[in-house]
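1. What would the 3D arrangement of this be:
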Amino acid sequence: MRLSVHRSKRSGLFSAAVLVFLIIAAAGPGTSNRLGLPAQFARAAAGPSVTVLPQSGPPGSSVSLSAVGFDPSLAQKGLTADIVFDTGSPIDTQKLVVCAAVPGAAPTAGFGADCTGVAVMEQVPVNALPGPQHLFIVRVGAASPSTPFSVTAADTATSTVTETVVMTATATLTPTDTLTPSPTSTATVTGTTAPFASSTPTATPTTAAATAVPSRIPSFQPIHGPLPIYRLVRTPPPLSFMLGQLRRLAPHPNVISLLDQHGAHLVAGYDGSRLAAYADLETGDSAFFPALPESGPTIAPIGRLVIAAQFALRASGLIPRDATGSRLAQPLLAGTLSSNHPRTARSTRLLYFPVTRLVGAHPVYGPGSRAALVLGPDGSLRGYLRQWRTAVLAGSLGSMRPASEVLRSIQAQLAIVGAGSPVTLDSISVAYYDGNRSYLEPAYRFTATVHLNGAAVDHVIGYEPIAVGEPEPLPTLVPSVVVTARSPGPVDLDSDGIAQFVARGPMPTWNQDAQAFEQGILSFWPRASGSVAVPFQVGSVSAPRPFTSAAGFGAYANSARVLESEAPGSRGHFTTDRYCCGAVTIASIGGLGAAGRKANGMTFWIARTPSLVASPDDSAAPYNEWLSVFAGLHGVVGYRTDIYSNDGVAGPFGTDLAMGAPVVSAWLLEGAATSAYRGGENPLYEGSSGGLRAAPSGRVSTLSACGHDGDTMHDTASLPRTTCLQSWWLEE
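-> So this is what the prediction gives:
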């Protein structure tokens, strides 16, 4: 494997390499034998080393890779490392982190099980030569950021787990050049920048020009050579696997055949009236929504769980073997706690293992190529999601766009983001995009932050074509539909309807995700084929309704059974007018839901606002401000961290809800499966103090009336005002 270090986008990419060759001698099972190596190779303890622990040997199998011994300052500077197989196939990118402290040992940095205790599983490329050895090259940061070096490793390909011994030696330095583009154009938008703390909107927005272009251009290396493109073809649905899991996990299984609005044929497995699983016979998409256990065993060692997840991924056959690669991402722990129990009673009941798709070293983003496994604390498989079609090589793109043109196009997209507030372009990286259509295509992925009064108030993701003549149009930040502002008024919805709320202002990503949620809801009105009755009915969907003030929010929310809101904000409040104004605090909302003598009221709130729904890990008293809101409300799902406002979670989650999936379980699964917050470069953002902080992590969280965290959106029974709330949330 070869690993090339990326300096943070602010400092450019360094491709200089001092080669260090590393030989790994695999001993017999249960032994550790250094064999007869020349003395010049015996330097493992004195410097950085890489360990490969094979789980099996053939091409397409996986090995565990660890790197240790690097200067901790490299991790503090945000360096990452690219892993490449010696055939030239890029495999993965790993961020260098400070390793777990060892008593008596000096601090060190690296990644993998030898560093953090969490295994990094890599796949041997399918084009690897057969035989007992596979070669990898790993390039990581060395003594200074400008002099990375390489490591070559050989692992014995056996079907038995073996131990390895690592040796090192040095070779030569080879510098190369990189391109650092500079700004080429500017753009302006209009709007106001009233203080964020304002609780009332301005009467009439003034027309004041505000720069909405990057104040800093991150370094990036444009592509000059051809890149492969892939056609996506149908992957057979894992029907037998899904039905086997249903028999194993559902106490009251019931399988029916469904058709969606477009005639797609699905097989749906219910546990009573709750959708437990489905398999789409047309697209091959499939999911199993895990039941949320009330109790569970003590969590097993994380290394054992990683191996169990890797085995489950291979055994299930969920991910097809094709021209692309895949790897398990960092597992996410699902914590839970009730407001009626002390904080020490919190526990981890489930573990979510996202699966990242790779084209070489480049991660794949978009609504397609999404997958995740859900394991119990004992390592048993409890659920999964697979939206992943087989990729077939369809040629290459050779006419590349110049860097200056790419930057101008990015600036044109960002010119309509921010509602008049400054926008910072944070990163540009090479990736692949899966629009869940016909092609898997290369793209420049960029991230940006909107600032107001020195604080970050929004984060967005965008894409630009790498080559001239893209096979399919990439998504753009430019809105396709303009939503006209309207004052609050009567809502024409039935009692089972779905309402939407979108903050007022030119913030296209909030509207785009609202539209994706509506399309998800409307894409699947389940109806039975034959005489089997579907165990629920679905109401209507309203158009997104922008508000200009906080007045009437509670009345609007209670006019429908389900509310999906898209609004900026932070812990405890959101805004209804751009990023600044019309603030609504959770404490001021009052009761939501049908309780007591109320005939109608909201049952679920999908609150897409950053950090709005705190978990017990985020706040000493996360339930206090929400208890007064639950006046018959069944649940609220949202985020406990910063987010990208176009992270792609809303659309598939809407489809899950329409099919009858349990709200909390579906939200946790979709939040874990999205590719928006993982893979490739993890950009750093500059805070108001000038320091660096982590990029949005998009960690989801939920609150439910105790005993109702398994409800679907079609559970509309009136509940009494609750005095007990149950939290579920995801954490690293």
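2. my read is residue 309 is in a helix, agree?
-> Yes. Looking at residue 309 with DSSP: H, G, I helix; E, B strand; the rest coil, it is inside a helix.
3. show me where pLDDT drops low in the stretch 551-700 of the chain?
-> Applying pLDDT under 70 to the stretch 551-700 of the chain picks out residues 551, 596-599, 679-695.
4. all helices in it, in order from the N-terminus.
-> 553-557, 586-589, 624-627, 650-659, 663-673 (DSSP state H, counting those that start in this stretch).
5. For stretch 512-525, buried residues please.
-> Residues 512, 513, 514, 515, 516, 517, 518, 520, 521, 522, 523, 524 are the ones in stretch 512-525 that count as buried (16 or more other C-beta atoms under 10 Å). Quick note: C-beta positions are derived from backbone N, CA and C, even for glycine.
6. circling back: out of the helices of the stretch 551-700 of the chain, deepest packed?
-> helix 663-673 (a mean of 27; mean count of other C-beta atoms under 10 Å).
7. could you say what helices and strands that one packs with?
-> strand 347-359, strand 370-375, strand 381-387, strand 635-639, helix 650-659, strand 700-705, strand 725-731 (3 or more C-beta pairs under 8 Å, 6 or more residues apart in numbering; DSSP states H and E).
8. can you count the residues close to residue 393?
-> Counted with other C-beta atoms under 10 Å, residues neighbouring residue 393 total 13.
9. Hmm, residue 228 and it touching each other?
-> Yes. Between residue 393 and residue 228 there is a contact under C-beta atoms under 8 Å: 5.9 Å.
10. one step back: generate TSV for the helices of the stretch 551-700 of the chain, with distance to residue 443 as supplementary columns.
-> Converted to TSV, those look like this (distance: least, C-beta to C-beta, whole Å):
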stretch	distance to residue 443
helix 553-557	38
helix 586-589	38
helix 624-627	40
helix 650-659	19
helix 663-673	20
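11. Minimum distance to residue 640: which of those helices has it?
-> When the helices of the stretch 551-700 of the chain are compared by C-beta to C-beta, helix 663-673 sits nearest residue 640, at 10.2 Å.
12. Just the CA atoms of the closest one, as CSV, please.
-> The C-alpha trace of helix 663-673 is given here as CSV (Å, rounded to 0.1, in the frame of the first residue of the first chain):
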residue,chain,number,x,y,z
VAL,A,663,-39.3,6.9,13.3
VAL,A,664,-36.4,6.7,15.7
SER,A,665,-34.8,3.6,14.3
ALA,A,666,-35.1,4.9,10.7
TRP,A,667,-33.5,8.3,11.7
LEU,A,668,-30.6,6.6,13.4
LEU,A,669,-30.0,4.3,10.4
GLU,A,670,-30.2,7.0,7.8
GLY,A,671,-28.0,9.3,9.9
ALA,A,672,-25.4,6.6,10.1
ALA,A,673,-25.6,5.6,6.4
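13. Next, the angle from it to strand 700-705.
-> 170 degrees (axes from the mean of the first three to the mean of the last three C-alpha atoms, to 10 degrees).
14. Please identify the buried residues of stretch 91-104?
-> For stretch 91-104, by 16+ other C-beta under 10 Å, it's 91, 92, 93, 94, 95, 96, 97, 98, 99.
15. same deal with stretch 702-715?
-> 702, 703, 704, 705, 708, 709, 710, 711, 712, 713, 714, 715.
16. The fourth one and residue 630 touch, don't they?
-> Yes. Counting by C-beta under 8 Å, residue 705 touches residue 630, with 5.8 Å between them.
17. what touches both of these two?
-> Counting by C-beta atoms under 8 Å, 6 or more residues apart in numbering, the contacts common to residue 705 and residue 630 are 722, 725.
18. follow-up on the earlier one: ok, the buried residues of stretch 702-715 vs residue 380, which is closest?
-> When the buried residues of stretch 702-715 are compared against residue 380 (criterion: C-beta to C-beta), the nearest one is residue 710, at 19.0 Å.
19. wait, what's in contact with the residue nearest to the closest one when sequence neighbours are not counted?
-> The shortest distance from residue 710 to any non-neighbouring residue, by C-beta to C-beta, 6 or more residues apart in numbering, is to residue 662 (5.0 Å). For residue 662, the contact set (C-beta under 8 Å, 6+ apart) comprises 274, 275, 289, 291, 292, 709, 710, 711, 712.
20. cool, residue 347 as well?
-> With C-beta under 8 Å, 6+ apart, residue 347 has these contacts: 296, 335, 336, 337.
21. ok so, going back, may I see the buried residues of stretch 702-715 organised as CSV, with pLDDT and distance to residue 561 added?
-> Output for those, formatted as CSV (pLDDT from 0 to 100; distance: C-beta to C-beta, whole Å):
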residue, pLDDT, distance to residue 561
702, 97, 17
703, 97, 17
704, 97, 16
705, 96, 15
708, 95, 14
709, 95, 18
710, 95, 17
711, 94, 12
712, 91, 11
713, 85, 7
714, 83, 9
715, 86, 10
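22. Most widely separated two among those residues?
-> 703 and 714, at 19.6 Å, using C-beta to C-beta across these.
23. What segments of the protein are helices?
-> 72-76, 113-116, 239-249, 302-316, 403-414, 508-522, 553-557, 586-589, 624-627, 650-659, 663-673 (DSSP state H).
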